[in-house]
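Student: Sequence isn't available, so here's the structure alone:
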């Protein structure tokens, strides 16, 4: 049964929670959420049941004292309770603050203190331990709400005793729900009034993103920001309440939050929550989604699995598959260039679809129609493959500050190698140096409690993205460079290299450090050492070496440095930690163009000068020594 879509016609005039409850009332008995607990088969809730859960948690939060404008932080991986806590918070006119489950103790401390969060939602005991490690420095938190109790614990009170917590500090989500369920209609009227009185320009969420200094910056997004970008995504994502989304990316990330959570909650469909990103492939088979959001690393993984099957084919079968994919790629090229598909190509495509492409689609996902890729650039090879197969794979671009997508390729109009034209509400232009500037209703107004960073981020009414690009005659944007030093890894995580480099330089003997890792799974680093100090240290320990050349390649020194680096990286998130490093023979210099006159590192020049060495760090698996062009030595350590 198809339902009336009129709610979305005026979506930009309403707040998120109000639209969700209106949509839930409309869809009522239709399936809304699928989730797993304790390795069991998928369970489901319809829209009435899920909206009731959200409403009861919202009322429970109200009873616990959460007021409009106050903050509730969510420290959890992706789960249906994450969404319920988010919307329950927003329903109260309060502000939700995501915290990555991989965040370091310093970041947890900073985010909660900077936002002044009153409530802290925590997924499980493992994350609870990490939150409690900074409890003394987060005095604003008055209530910690646990999503899942450990299997060996009967009650939340037992857990509170285990960690010697003050009476009333710890609760579980079920007790908060029951508290809300016990309230009368008068409290429900208060909740409804809070939703109605939340202004369009009221803050819905504050999302913290790492800046170039490494200090997280809070990005407040309003109901108006979010509603505008949801409206922008209507021509791109499905409005069919039968759509099935698979959610597995962190909801702390703006991409999954906007295009996954908020779009689904305001437009309908079913959201199935994966058990984890590692289980995503298996869960895809179980729920057969119509739409998934991906970062390139995940897309690469799916591609590699399908490609291995193709590579196993031989003879005529392999030739047929290659021919079918070539025909599909021709269709994609025609769409991108706006060319008309001739009758011969049309016939070839019909045959290729029947004999090859349809079978490949079945292997990837029988119902999969839309893949949206963001967070980091995907490769042309992979994007061409999925579009050629017949799955609309749309690469986009955006930032936390822009409420996610400013640009997305459109179905049937994909230009491989671009991130598509600007979405409807966004105005875009290039500065004289090629920096991408944007403005519109989806753009944030400024960083939370950080006027200096806000002033640097805007040129008049235009937000400076920090990325360099070109725009073609059709309005398609191509990202060509990164003006800022900020690293975005293959999982779409933002990493401030200066922060990591500062840690590296606390390691004994390290004098210079440069971190790399854009579009990669992990970070690597180039370092230089104080030669005299390293040699003196080695002699004190009776290490055998004939020269600094020998010492810098020795397993003793490499092992010592690795151990020191690991110990000093404990406050960094896992994705911020350097997995491999190389010791350079010579200091970086002004003469080589690697340093400015004021001795600041020119990251691009260093990356270019040592490209082969950096590539080797990503391809080699054993500690080795590497001679690099005119440089005498570079020792590589894992």
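Tutor: Alright, I've got the coordinates. Keep in mind that this is a model prediction, so the values were computed, not measured. Residues are numbered from 1 along each chain as shown.

Student: By mean pLDDT, point me to the weakest helix or strand of this protein.
Tutor: strand 624-628 (a mean of 37; mean pLDDT, DSSP states H and E).

Student: Output the below-cut-off pLDDT ranges for this protein.
Tutor: Along the chain, segments meeting pLDDT under 70 span 1-14, 210-214, 482, 484, 596-600, 620-638.

Student: nearest residue to the residue nearest in space to the middle of it other than its sequence neighbours?
Tutor: In the chain, the residue lying closest to the centroid (C-alpha atoms, centre = their mean) is residue 253, at 4.1 Å. Once flanking residues are discounted, residue 253 sits nearest to residue 492: 6.4 Å by C-beta to C-beta, 6 or more residues apart in numbering. All C-beta atoms are positioned from the backbone trio N, CA, C, and that covers glycine.

Student: Would you list the phi and psi of that neighbour?
Tutor: As for residue 492, its main-chain torsions (degrees, to the nearest 10) stand at phi 90, psi 10.

Student: now swap in residue 486 and tell me
Tutor: Per degrees, to the nearest 10, the backbone of residue 486 is at phi -50, psi 130.

Student: From residue 225, how far off is it?
Tutor: Relative to residue 225, residue 486 is positioned 21 Å away (C-beta to C-beta, to the nearest Å).

Student: Settle it for me: which of the two has more neighbours?
Tutor: residue 225 (27 against 19; other C-beta atoms under 10 Å).

Student: check contacts around the nearest residue to the more buried one once chain neighbours are set aside.
Tutor: Distance criterion C-beta to C-beta, 6+ apart; nearest residue to residue 225, sequence neighbours excluded, is residue 403 at 4.7 Å. Neighbouring residues of residue 403 by C-beta atoms under 8 Å, 6 or more residues apart in numbering: 221, 225-226, 228-229, 254, 258, 442-444.

Student: What degree of burial does the residue nearest to residue 303 when sequence neighbours are not counted show, as a neighbour count?
Tutor: Using C-beta to C-beta, 6+ apart and skipping the chain neighbours, the partner closest in space to residue 303 is residue 382 (4.8 Å). A count of nearby residues for residue 382, using other C-beta under 10 Å, gives 21.

Student: next one: the one 3 residues further on
Tutor: When neighbours are counted by other C-beta under 10 Å, residue 385 registers 24.

Student: ok but it is inside a helix, no?
Tutor: Yes - if the criterion is DSSP: H, G, I helix; E, B strand; the rest coil, then residue 385 is within a helix.

Student: and the gap between it and residue 95?
Tutor: From residue 385 to residue 95 the distance is 41 Å (C-beta to C-beta).

Student: try residue 279
Tutor: Separation of residue 279 from residue 95 (C-beta to C-beta): 32 Å.

Student: what's the answer for residue 462, then?
Tutor: 26 Å.

Student: which of these two has more neighbours?
Tutor: Set residue 462 next to residue 95 and count neighbours by other C-beta under 10 Å: residue 95 wins out with 24 against 18.

Student: Now the more buried one, what are its backbone angles?
Tutor: Dihedral angles (degrees, to the nearest 10) for residue 95: phi -120, psi 130.

Student: so where do the strands sit in the stretch 301-450 of the chain?
Tutor: For the stretch 301-450 of the chain, the strands defined by DSSP state E, counting those that start in this stretch cover 370-373, 392-399, 404-408, 427-430, 435-439.

Student: Reformat those into JSON lines and put distance to residue 351 and mean neighbour count next to each item.
Tutor: Putting these into JSON lines (distance: least, C-beta to C-beta, whole Å; neighbours: other C-beta atoms under 10 Å) gives the following:
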{"stretch": "strand 370-373", "distance to residue 351": "25", "mean neighbour count": "23"}
{"stretch": "strand 392-399", "distance to residue 351": "21", "mean neighbour count": "24"}
{"stretch": "strand 404-408", "distance to residue 351": "31", "mean neighbour count": "29"}
{"stretch": "strand 427-430", "distance to residue 351": "41", "mean neighbour count": "15"}
{"stretch": "strand 435-439", "distance to residue 351": "42", "mean neighbour count": "21"}
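
Student: mind putting those strands in JSON lines, distance to residue 311 included?
Tutor: What follows is those, written out as JSON lines (distance: least, C-beta to C-beta, whole Å):
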{"stretch": "strand 370-373", "distance to residue 311": "22"}
{"stretch": "strand 392-399", "distance to residue 311": "21"}
{"stretch": "strand 404-408", "distance to residue 311": "31"}
{"stretch": "strand 427-430", "distance to residue 311": "41"}
{"stretch": "strand 435-439", "distance to residue 311": "38"}
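
Student: quick one, what contacts residue 92?
Tutor: Neighbouring residues of residue 92 by C-beta under 8 Å, 6+ apart: 58, 61-62, 66-68, 191, 194.
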